[in-house]
Structures are given as C-alpha cells and as structure tokens.
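Engineer: coords please:
(chains A and B)
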Amino acid sequence: MFDLFAKVFGRDDASKEVAKERLRLVLVHDRASLSPQAMESLKNDLLKVISEYMDIDDQGFRVDFSRHDDAMALVANIPIRSVKRQSLSK
Amino acid sequence: MGEAIVITSGKGGVGKTTTTANLGAGLAKDGHKVALIDADIGLRNLDVVMGLENRIVYDLVDVVEGFAKLKHALIKDKRFENLYLLPAAQTRDKTAVSPEQMRDLVEQMKEEFDFVLIDSPAGIEQGFKNAVAGADKALVVATPEVSSVRDADRIIGLLEAQEKHKPFLIINRIRADMVKKGDMMDIDDMIEILAIELLGVVPEDEAIVVSTNRGEPAVLNPQSRAGEAYRNIVRRLQGENVPMMKLEDESGFFGRLRKLMGFKG
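Structural biologist: So this is what the prediction gives:
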C-alpha cells in the first residue's frame, strides 16, 4: 500500500534514484574504457564496413571517446577520398 | 568429476568469505563432498569464519610448492565429515602462486570432491586471477551500494572477457525497510544494471555477525533469514528451481511482532 502511495506521489528525492543515475554514468565511462587492442579492433571493423561504401583515408582515420557533462560519445573522424557510386543503390 | 565455483566481488567487505562458508556448509549438510579453498593469500579469513583457525598445519602455498601433500593440508570441518578447508598462507603474498598452479590444484581437487568452492580476494590483480583460474562457474557477490555495484560490473566484464564463466549474481545485505522507502536499490535495479542472472538474495541479518563471532555458518541456523537465503542458494546450486525469498520488512510494529513471535516468510 505504501509502495502505491510512493509511486502515486512520486518521491523524487528517493536516494536510490540518485544512486542509479550516478551508476549509469559511471558505468558508461568504465565500460567504454576499452583496451588498446579492443580499440584497434573496433577501428579496423569500422574501417572495413565504411570502406564498402566509400573510399576513405585510413591514415587520417581517428576514433575516440569523448565525455560530455552527462553522456559519453564515440567520435570518429573519417576523411573521405571518394564515394563509390554503386554502393548508393544498395 | 566435481564442479569448481569461485566466489568473487571486486570490492572488499561485501560478504565473499561469509558466502563461501555458508554455501560450503549448506552443500555439505545436503550430503555432498565439499572442499573450500581460501585464495586470499596473506589475508586469510575463511578459517576463522568456519571456526577452524586452531587446526591449521599446512596451507595452500605449502601444497603448491610440494612441501605438503594435499590430504595433509586439508582441514576437516568440526560439524561435517564431508567438508574440508584448504587455508591460505598468511605469511606470503598473492605472487606465491600462479594461475597455472591454481588450475592444476583445483583440477586435482575436483577428482575427489563434488564441489570445490574458491573464496577470491578483493581486487582484480593476481589474487583474483589465481582464484578464477580453475573455476567452472563464478558467483559475483554485490551489496546494493554504488561502489559495490560498480566493482561488480568491472569483475563481470573481466569474467565475460575470459569467455569461460557465465557469472551469476548474489545480492547481499539487502534491507527491505530501506528498499521500501526508496533509499536502497532493489533486486530489479541491480539486475537491470548488471545484466546477469540472479542466483540469490541475502537479507541483512544480525545473525551473520553472531555466527561469525562463533565461527558457525548461519546456514545451519534455522532461525536466521540470511541462513534461509543461503539454504535456497544451495538448493539452486544443486539444480533445484527455488523461488526467490520474499523480502520482509521487520522494522515496523507488525514486523517486529512477527519477528518476536518467530514467524518466517
């Protein structure tokens, strides 16, 4: 019964919500800390997939994690040399 | 051929040793031949939790270095004929043993025992690597706190990277009264965050402190709620399908009354 009240009146100050939100952010960061090998493998896979669609400059290819206030992002900088025409019809 | 199960957590003080002792005693009570290995070299404690600290002659490092035979180092439990402890060395450190040596030792013990439970040290360094080396299954103990869940997540990542163990979660020291008020993460919150299969939930219980004081695992105490939770986990480890125990709030008037009158779930 009490649980129902708590839900209806929505206790926003419940500290477990704070805990979950903090954990969510810290775990995104923890889990994103890939090993250099995993990072290299991710880069190679990305390179492989994107190369099917366009001709890219693999020397200038950069992949990094970037952290904003409350989110993590995977940022890739991929210089394009040319786009293959036939891939557009896929 | 027996099964080797490592009990681990990442963070210290969340109940790995207590869990190992209770699951070991519970499995032995159900008639299995069980060996407990204290892999926390340099900071051994499974011996005191089991009440066997006065019987240690040889330890794990003595066995690995060939200084003592396994059968001479194993300590027989006071209560069960079929329960044994291989204590950790207290005067050495984690580097005294290698993961390969642990794997060989556990392999050898699995031939003789139905269950080999390995109590892992805290941390993710060599001691942890030694503890998981020979294990077939991993149990991750976590309490409903930010620091514990974070470390459990890291451990789960390391275990999954090995692709050898599918880790199972044991939520320890949960308090129904705080969960009810929204001041403690509940079972669903923890499963959602950690995304692994739940093996059991152990409520916070003063009986654990008393049982550790006496060196008698709470799993043998029919009055203890934590003991009951451990008995359920023991049954699940044997392949039984046991529903999760209902968490009861014993803080209110009726809760206290119920506790006083000895009613259980």
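
Engineer: C-alpha from now on. contacts and neighbour counts both.
Structural biologist: Fine.

Engineer: OK, contacts around residue 74?
Structural biologist: You didn't say which chain, so I picked chain A. For A:Leu74, the contacting residues are A:63-66, by C-alpha atoms under 8 Å, 6 or more residues apart in numbering or on different chains.

Engineer: hm, I was asking about chain B
Structural biologist: If a contact means C-alpha under 8 Å, 6+ apart, then B:Leu74 has B:58-59, B:84-87 as its contacts.

Engineer: SS state for the nearest residue to B:Ala142 once chain neighbours are set aside?
Structural biologist: In space, and not counting its chain neighbours, B:Ala142 is closest to B:Ile171: 5.2 Å by C-alpha to C-alpha, 6 or more residues apart in numbering or on different chains. At B:Ile171 the chain is in strand, as set by DSSP: H, G, I helix; E, B strand; the rest coil.

Engineer: wait, B:Pro217 sits on B:Ala21?
Structural biologist: Yes: applying C-alpha atoms under 8 Å as the test, B:Pro217 and B:Ala21 come out as touching, 6.3 Å apart.

Engineer: now do the same contact list for B:Ala161.
Structural biologist: B:Ala161 touches nothing, counting by C-alpha under 8 Å, 6+ apart.

Engineer: look up how far B:Ile7 lies from it.
Structural biologist: 17 Å (C-alpha to C-alpha, to the nearest Å).

Engineer: same question, B:Val106
Structural biologist: For B:Val106 relative to B:Ile7 (C-alpha to C-alpha), the value is 14 Å.

Engineer: which stretches of the chain have low pLDDT?
Structural biologist: The chain I'm using is chain A. A:1-12, A:67, A:69-70, A:85-90 (pLDDT under 70).

Engineer: my bad, the chain I had in mind was chain B
Structural biologist: Checking chain B against pLDDT under 70 turns up B:249-265.

Engineer: quick check: residues of it near chain A?
Structural biologist: Residues of chain B lying close to chain A by C-alpha under 8 Å from any C-alpha of the partner chain are B:145-146, B:149-150, B:153-154, B:180-185, B:189, B:193.

Engineer: which residues does residue 83 bridge with?
Structural biologist: If you meant another chain, say so; for now it's chain A. A:Met54 (DSSP bridges).

Engineer: hmm, I had chain B in mind actually
Structural biologist: Applying DSSP bridges, one finds that B:Leu83 bridges with B:Val34.

Engineer: assess the claim that it and B:Glu112 are in contact.
Structural biologist: No: applying C-alpha under 8 Å as the test, B:Leu83 and B:Glu112 come out as separate, 11.8 Å apart.

Engineer: which residue ranges of chain A form helices?
Structural biologist: Applying DSSP state H to chain A gives helices spanning A:2-8, A:15-32, A:36-51.

Engineer: need the contact list for residue 58.
Structural biologist: Looking at chain A here, since you left the chain open. A:47, A:78-79.

Engineer: wait, chain B
Structural biologist: Contacts of B:Tyr58 (C-alpha under 8 Å, 6+ apart): B:68, B:72-74, B:87.

Engineer: report the buried residues of stretch B:139-149.
Structural biologist: For stretch B:139-149, the buried set under the neighbour-count rule, 16 or more other C-alpha atoms under 10 Å in any protein chain shown, comprises B:139-146, B:148-149.

Engineer: joint contacts of B:Pro217 and B:Ala21?
Structural biologist: B:49-50.

Engineer: help me confirm that the residue nearest to B:Ala142 comes into contact with B:Val202.
Structural biologist: Yes: with contact defined as C-alpha under 8 Å, B:Ile171 reaches B:Val202; the gap is 6.1 Å.

Engineer: nearest residue to B:Pro217 in space, please, no chain neighbours.
Structural biologist: That would be B:Asn22: by C-alpha to C-alpha, 6+ apart, it lies 5.3 Å from B:Pro217.

Engineer: please report the number of neighbouring residues for that neighbour.
Structural biologist: 25 (other C-alpha atoms under 10 Å in any protein chain shown).

Engineer: show the contacting residues for it.
Structural biologist: The contact partners of B:Asn22, by C-alpha under 8 Å, 6+ apart, come to B:217-219, B:227, B:230.

Engineer: mind checking which of these land in strands?
Structural biologist: Among these, DSSP state E puts none in strands.

Engineer: highest neighbour count among those?
Structural biologist: B:Ala218 (30 neighbours).
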